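One predicted model, sequence on top.
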Amino acid sequence: MGRHPRRPAAEGKHAVSGFAGWVREATDPSAAAGKPEALEGVRVLEFCPGHFGGMVAASVLAEFGAEAIKVEPPDGDPLRLVAPEEILVAGTGLPFLSEARNRRFVTLDADDSAGRDVFRRLALSADVIITTEPPERMEAMGCDYPSLREERPGIVYLSLSTYGAFGPDAVRPVRDSDILCQALSGAPYIVGEPEREGVPPRPHEAPTRLGNWHGGFVQGLWGAYGVLAALHFRAETGKGQAVDLSGAESLMMFADYNITWMHTGGKARERLGNFDPAVFPYTYIRCRDGYTFIAAYNDEAFDSLMHIIGRPELARDPRFSTPKNRVALENERALLEIIEEWSGDRTADEILGAVEAYTSKRGGPGAAVVTGRVNRPLETLSEEHWRERGCFLRARDPVYGELLLAAPPWKMSGTPARWKSGCRPPGSDNRDVYLGILGMTEEEYRRLAEAGAF
Amino acid sequence: MPSDPGSFRAFAGRAFDPAAIPGKPEALAGVRVLEVASRIFGPATADYLGLFGAEVIKVEMPPRGDLMRYVAPEGFFWKEMSPAFLSLNRNKLHVGLDLHPAEGKELFLRLAERSDVVVENLRAGTMDGWGVGYLQLRERNPRIVYAANSGFGQWGPYSAGRASYDATAQAVSGFSAVTGFPDQPPMKAGFWVGDYTAALMSATAILAALSARRKTGEGQMIDLSQAEAMIRTLDWTWPYAGLTGKDRARNGNVDPSYPPSGIYRCRDGFVAVSARDEDELIPLAHALGATDPDEASIATPERVGAYCASRRVDEVVRLAEDAGFSAAPVRGGKEHYHDPHLRARGTVCSVDDPLYGRVDEYGPAPKLSESPGRVKWSAKPVGWHNERVFGDLLGMTAGEMEALARKKVIGKWADIPGARPPKGSTP
């Protein structure tokens, strides 16, 4: 019931020919629906009650065409009840609604023996299992990896947790969540304002969480990547495997050069607010209508930026004349002040215009002056560029109404990722899945339903 | 049938043992990737493929190569190499090749004929303008999967000429607007999250495209904007904007979906406290002094803050484990480097590199039991593998390579830190 706003391939003032025109024609998401899907024929079973990262892993695979089946408890997934600002749409909160795409929704009672039997039958029909349940629970259900692979050796089994399934901390009794994964990952450690010496810290002078569930999202994304690597191996060898993924380690992979710097220089990254230990300028600057990003850190680009702000002599100032001098913290502070003298009475768009006017005349490393407005979400939504590229879509559903969602970000010419369907109530697809995939008879289905299996 | 209780833990200890990894096959063995990229977005994409066994040929413009070579924390180089370049360029073959002259283009096309994947992150349309874009490559190799990584995509009003870094994507996507404290300016994440997140999405799409190729026999073009990648990660930001017409607020260190879950200051550091539902909120409220289950509502951020402020991090973690809510320390690079858990998992690992000796790195996050990822060697100077790639792979003679080197079509490192081999090494 959803749609991408359909537009002709070339229209209006932004119509382009040549390569950009070809790519647009070939990858416009409004034409994706008629094309084949990359992962068609791969069945994914998602058993991740209350867990966002598990949903992301299944969503990503499903956006590429895998058939995803989400298993919920009979009264619905606990994540449905998570409702920032207490906003519920037909009983389901926005975090769940944002990620409940391209899948079928079945219920079963995993604490009931008949329900467990249904789960096991589903598992043995799947190519990929994604679970966030503790291994002990999966063992009790007869659905841990060593048990399933005996009957289905090609199965790919992804388990998600905070610390991973092995190693000294694997047995720590935590229930996985974004905030735990973020904290352990090293990300908040290098985000936020540092404390000042000699004065009590203010609340914001602390390691700062990424405001979205980036820990959960990246956990799901690495999970999907691990599954795809395993499916590639299976296509070559016929062998399935287990994939163990820690959410903390997932985001940790993004924590820059933490380990190489510790190893080679004995130093750890510390948080520096919007300053940076390796590149400067590379920061947000105040402008007339808010904040914008400015970067010009290699020598040639820095020279360009100093020309743009009308201070070309500063490229030879000993405080700023080499990359190393520019990243001394006191010089970063001085430079920020100088740049903001220029930017403070200009809008972000005017700054972009000034940068583009200068860099379009200058190629190579000197053109590497980069800017972009720090958008509030509504500002992002107001920009034509994303609308034209089909970045957002409006899902429509008889139960959940109209919802604004982020579309899959990949534009692909052959087998494009796509949004196909949105959230449905718990158990909406029980009949289709249990009769159609498991081959239950009407009678068996009714008997199990009456017995409370789902 | 159900196996013995506890058997999965025992299985996991054996199946994922890092010591056994060198003897196991690699998931992406036989996949050849050409990287024409600089800094982070493209190089990290190829790095993720290389960690799982793809052969990555990193094409750099000689003699300076990837400008990331000169991004060095506090200006620090180790054995003439930046630690920031090392962590993005494991397991790669480095060639110095100029794509501007006709002979350089032809060499690149010959490499592409023998490759499965191209990853680039130049400004939109640059490769096409050079005559080595997707349309030209597929003429020579219809099976090629071509990932064009960029800031704003290959088409649309912002695509032409506009450059982008990680923080461009953080800024324009709305990501920074929801990160930080409500009474403070938006906070840029201090690591290159807008590059890595998009790089992982690019690598994921490449694997999906390789899967499609098995069925169709054809490659394809992937157009990925790093801003759009970040937009996709913002969970309930968009349905909230759609329903309320409002911007989601910055909420500091408390997760607005699971209050009072968040990051709190302790006497000796910071801790994350997490309570997903009543099963954890009630024990948390008890720890804070509640005496009956109906008092879960006393678990406010203020109460949790006061509770943590008078305790050590390890105390809060232990109390959480005893009480039945969740907690974990806020860790940084130094703790990671020394963490026995991460070492036992190979998440922090050592590689014995023939040129640099021991280098410690983050290893791959997903642990695969049969075809695990691994770090095999470290980044190398510009053009380090010219002979191996142009000679062994393309069959060029030493004389042909010399002639091309004289014309500066192919080349090696500049004699500057970041590009050249360690002092005293014998290339």
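In hand now; what should we look at?

tally of neighbours for B:Ala309?
Look at B:Ala309: counted by other C-beta atoms under 10 Å in any protein chain shown, it has 11 neighbours. All C-beta spots, glycine's among them, are computed from the backbone N, C-alpha and C.

whoops, B:Ala102 was the one
9.

go on, A:Asp77?
23.

Then B:Ser159?
Counted with other C-beta under 10 Å, B:Ser159 comes out at 25.

Quick check: beta-bridge partners of A:Val156?
Beta-bridge partners recorded for A:Val156 (DSSP bridges): A:Val128, A:Gln241.

So it sits against A:Asp244, correct?
No - judged on C-beta atoms under 8 Å, A:Val156 makes no contact with A:Asp244 at a distance of 12.0 Å.

and the lowest-mean-pLDDT helix or strand in chain A, does that touch chain B?
For chain A, counting by mean pLDDT, DSSP states H and E, helix A:135-140 ranks last in confidence among helices and strands (a mean of 92). Yes - interface with chain B: helix A:135-140 contributes A:Pro135, A:Glu136, A:Met138, A:Glu139, A:Ala140 (C-beta under 8 Å from any C-beta of the partner chain).

residues of that helix that come out buried?
A:Pro135, A:Met138, A:Glu139, A:Ala140 (16 or more other C-beta atoms under 10 Å in any protein chain shown).

Out of those, which is nearest to chain B?
Comparing the buried residues of helix A:135-140 against chain B with C-beta to the nearest C-beta places A:Pro135 closest, at 3.8 Å.

burial count for the nearest residue to the closest one once chain neighbours are set aside?
Using C-beta to C-beta, 6 or more residues apart in numbering or on different chains and skipping residues adjacent in sequence, the residue nearest A:Pro135 is B:Phe8, 3.8 Å away. Neighbourhood size, B:Phe8 [other C-beta under 10 Å]: 24.

what's the following helix or strand after the helix or strand of chain B with the lowest mean pLDDT?
Within chain B, no helix or strand scores below helix B:7-15, which has a mean of 87 by mean pLDDT, DSSP H and E. Per DSSP states H and E, the first helix or strand lying C-terminal to helix B:7-15 is strand B:32-36.

Where does A:Leu61 sit: helix, strand or coil?
helix (DSSP: H, G, I helix; E, B strand; the rest coil).

thought it was touching A:Lys70?
No - using C-beta under 8 Å, A:Leu61 is not in contact with A:Lys70, being 12.0 Å away.

Enumerate every residue touching the residue lying closest to B:Gly75 once chain neighbours are set aside.
Residue nearest to B:Gly75 in three dimensions, not counting chain neighbours: A:Lys324, with 2.8 Å by C-beta to C-beta, 6+ apart. Neighbouring residues of A:Lys324 by C-beta atoms under 8 Å, 6 or more residues apart in numbering or on different chains: B:Ala72, B:Glu74, B:Gly75.

May I have the secondary structure class of A:Lys324?
A:Lys324 - assigned by three-state DSSP - is helix.

Tell me the confidence at it?
We note a pLDDT of 93 for A:Lys324 in this prediction.

Quickly note the distance from A:Tyr157 to A:Ala170.
Distance of A:Tyr157 to A:Ala170, computed by C-beta to C-beta, to the nearest Å: 16 Å.

hmm, who's touching the least confident helix or strand of chain B?
For helix B:7-15, using C-beta under 8 Å, 6+ apart, the contacting residues are A:135-136, A:138-139, A:144-146, A:165-166, A:170-171, A:242, A:244, B:369.

What segments of the stretch 101-250 of chain A are helices?
A:113-123, A:135-140, A:145-151, A:178-185, A:214-237, A:247-252 (DSSP state H, counting those that start in this stretch).

Need the ones you listed in a markdown table (columns: distance to B:His286).
Shown next, in a markdown table, are those (distance: least, C-beta to C-beta, whole Å):
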| stretch | distance to B:His286 |
| --- | --- |
| helix A:113-123 | 32 |
| helix A:135-140 | 25 |
| helix A:145-151 | 36 |
| helix A:178-185 | 20 |
| helix A:214-237 | 27 |
| helix A:247-252 | 27 |
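
what kind of secondary structure is the closest residue to B:Leu394 other than its chain neighbours in?
The shortest distance from B:Leu394 to any non-neighbouring residue, by C-beta to C-beta, 6+ apart, is to B:Arg110 (5.7 Å). Three-state call for B:Arg110 (three-state DSSP): helix.

B:Arg110 against B:Leu393, yeah?
No - B:Arg110 lies out of contact with B:Leu393 (C-beta under 8 Å); the separation is 9.0 Å.

Tell me how many other residues surround whatever residue of the stretch 101-250 of chain B ends up closest to chain A.
Closest contact between the stretch 101-250 of chain B and chain A, by C-beta to the nearest C-beta, is at B:Gly242 (2.7 Å). Neighbours of B:Gly242 under the rule other C-beta under 10 Å: 17.

Which helix or strand contains it?
helix B:237-244.

Going by contacts, tell me the helices and strands next to that helix.
Judged by 3 or more C-beta pairs under 8 Å, 6 or more residues apart in numbering or on different chains; DSSP states H and E, the packing partners of helix B:237-244 are helix A:94-99, helix A:377-382, strand A:401-406.

quick check, the helix or strand following it touching chain A?
Using DSSP H and E, the helix or strand that directly follows helix B:237-244 along the chain is strand B:262-266. Yes - applying C-beta under 8 Å from any C-beta, one finds strand B:262-266 touching chain A at B:Gly262, B:Ile263, B:Arg265.

in chain A, which spans are strands?
Taking DSSP state E, the strands of chain A run over residues A:43-47, A:67-72, A:88-89, A:92-93, A:103-107, A:128-131, A:156-161, A:241-246, A:282-287, A:290-295, A:370-373, A:392-397, A:401-406, A:411-412.
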